[in-house]
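Visitor: Attaching a predicted model along with its sequence, questions to come.
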Amino acid sequence: MARSRRPRRRTVAIAIVLAIAVVFGVGALLEPTTHDPPEVEQVTEEDLVQPVEDGSYLWPYTSRGETTSERTLAINLLVHGPDDAVRRSLTDRTSFEFEEEEEPAGDEPDEHGVVVDDEGLEWADAHGAVRYSYVDASPRGGDAVWLTEAYQLHSGTYLGERYHVRAYTHPEEDWTAIQAHTDYWDWFRLRHTVPDIHEAGLEIESDYLEAPFVEEVRREYHGIEGGYSDGWLSVIELESEIEDPDDLDAVDDPETGLTDKATTDEATADEASDNEATADDDPHSAAIDPLGGAGVAWILGLLGIVGIAGILAAETRRDLARAGRAVVGEISRRRRAIALATALAGIVLGVRVIGIGVETAVPALHPKAIAAVLYPILALGMPAAALLLARGTEPWAAASFALLGAGGAFVVDFGMVSVSFLPIRLVLHRIGLLLALTLIAAGSAMGDERGKQFLAAGLAAWFLGLGLPLADVI
């Protein structure tokens, strides 16, 4: 019997290793997740858009370098107006809160290093990689140049999820090109993953729709392909009278044309106070139901349970007690496997929660410094937990609970950063990591020579799965 099991174990081990190789291989060979068309080597006129008639041309994308071959995401908004006014129209919003990006090392400090909005909120610095875009100013007698972003803004957390904005300006043009997207920090890739650009673009567009200093919001179709674009640009026209950024604090008034925002805020506060006083005078608003409908339902339900328990036959109660003892006994017998699943889930979710918590509590600490401390816990802690806690359990139980704990944690983690769509490349990558953990757990549970083979294969697959995204293969 023992001899028949060994070939079966070897077959299973080989099958799992081959499955991991296929999963990682297919994930690495798939096309990039931005669905880009074939790369172009030169920027041609048909690839450009002209924000203003007889003005400069803009390449409506961002790039990792000063070349179109490293293209990343599509520009999705154009805001017409003075550069300072456009910047303030974003940073002074209270309904869509942004933080200013940290200036590159070696540059002079920016006078807008800290932005305080009208509610007195103080914004900390944010962080993001440099991206380039291309502007051809030859129609105005200028040069064609690659530009770095004039500034970056974000709302959210670096090690969680956020809206991220890169803004590009030209010194001789009164428009700002904006690339806005949502992204989340992927702990297994050690970088941000962009699932979409539409949500962030629509959020900013809708915010401008409600602004009193905006003359027009429209959409223009330019046939932009790739970079998550649907071909459309949101175009925002600020009021043409705005020259001083301080004018953004004004709102329309039928008598004077412009009224100080503080006066409007004071009137709004007075109206709110009147409404509150009216509510206090309303006898219905002052009435308090100490129990409420939900409380009554809970009490009735509890009384019903007690009544049912009282009329149960003695034999039924004995059967229920026997079933309860069986469940407790099974939990006790599988306690190491349950501990394994709990530990794997705790590592994945704990790293996410701790990272966001430290980043929020200590904003002066660079998020990558936090990641440098937490990543080894994830990379080494998960295989270590599978190796140590699987000992003394049955191999199938160890593999099953490892799959359950880590797989469930992956799903919950994606939910924590509001990911509703996953590219197939990332799905295959996570499946490969799960298979590697099941091999480690099963091999440790076996504890014999065959188990060592499972264990070695699992560890090799795990570190291969961690190395591929760091090498930018996945």
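Guide: It's in.
Visitor: gap between H366 and Y158?
Guide: 9 Å (Cβ to Cβ, to the nearest Å). For the C-beta atoms, the positions are set from N, CA and C on the backbone; glycine is no exception.
Visitor: same question, L387
Guide: Computed as Cβ to Cβ, the L387 to Y158 distance reads 32 Å.
Visitor: cool, and A167?
Guide: According to Cβ to Cβ, A167 stands 18 Å off from Y158.
Visitor: which one of L387 and Y158 has more residues nearby?
Guide: Using other Cβ atoms under 10 Å as the criterion, L387 and Y158 rank with Y158 on top: 24 against 19.
Visitor: one step back: identify the contacts common to H366 and Y158.
Guide: Common neighbours of H366 and Y158, using Cβ atoms under 8 Å, 6 or more residues apart in numbering, are H127.
Visitor: Please report how far G226 lies from S63.
Guide: 12 Å.
Visitor: Between the two, which contacts overlap?
Guide: Counting by Cβ under 8 Å, 6+ apart, the shared contacts of G226 and S63 are R71.
Visitor: Give me the domain ranges for the chain.
Guide: 16-32+334-470, 54-263, 293-331 (automatic domain parsing).
Visitor: Spell out, range by range, the helices that occur in this structure.
Guide: 2-29, 83-91, 198-209, 261-281, 283-286, 292-311, 314-333, 335-361, 367-389, 395-416, 424-446, 449-470 (DSSP state H).
Visitor: Which neighbouring elements make contact with the strand ranked longest in the chain?
Guide: Longest strand in the chain by number of residues (criterion: DSSP state E): strand 175-186. Packed against strand 175-186 by the contact rule (3 or more Cβ pairs under 8 Å, 6 or more residues apart in numbering; DSSP states H and E) you find strand 71-74, strand 77-80, helix 83-91, strand 161-169, strand 191-196, helix 198-209.
Visitor: From the contact counts, what lies against the third one?
Guide: Secondary-structure packing of helix 83-91 (3+ Cβ pairs under 8 Å, 6+ apart): strand 151-156, strand 161-169, strand 175-186, strand 232-238.
Visitor: ok and the second one relative to helix 335-361, angle-wise?
Guide: Note on geometry: by axes from the mean of the first three to the mean of the last three Cα atoms, to 10 degrees, strand 161-169 and helix 335-361 are set 40 degrees apart in direction.
Visitor: what do you get for the shortest one?
Guide: Put simply, strand 151-156 runs at 130 degrees to helix 335-361, going by the same axes, to 10 degrees.
Visitor: Which elements pack onto strand 151-156?
Guide: Under the contact definition 3+ Cβ pairs under 8 Å, 6+ apart, strand 151-156 sits against helix 83-91, strand 99-100, strand 161-169.
Visitor: Same list (the domains of the chain) but as a markdown table, adding mean pLDDT and distance to V43.
Guide: Shown next, in a markdown table, are the domains of the chain (pLDDT from 0 to 100; distance: least, Cβ to Cβ, whole Å):
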| stretch | mean pLDDT | distance to V43 |
| --- | --- | --- |
| domain 16-32+334-470 | 89 | 20 |
| domain 54-263 | 77 | 5 |
| domain 293-331 | 61 | 63 |
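Visitor: Please identify the deepest-packed of those.
Guide: With neighbours defined as mean count of other Cβ atoms under 10 Å, those peak in mean count at domain 16-32+334-470, which reaches a mean of 19.
Visitor: so L349 sits right up against F414, yeah?
Guide: No: counting by Cβ atoms under 8 Å, L349 stays clear of F414, with 11.2 Å between them.
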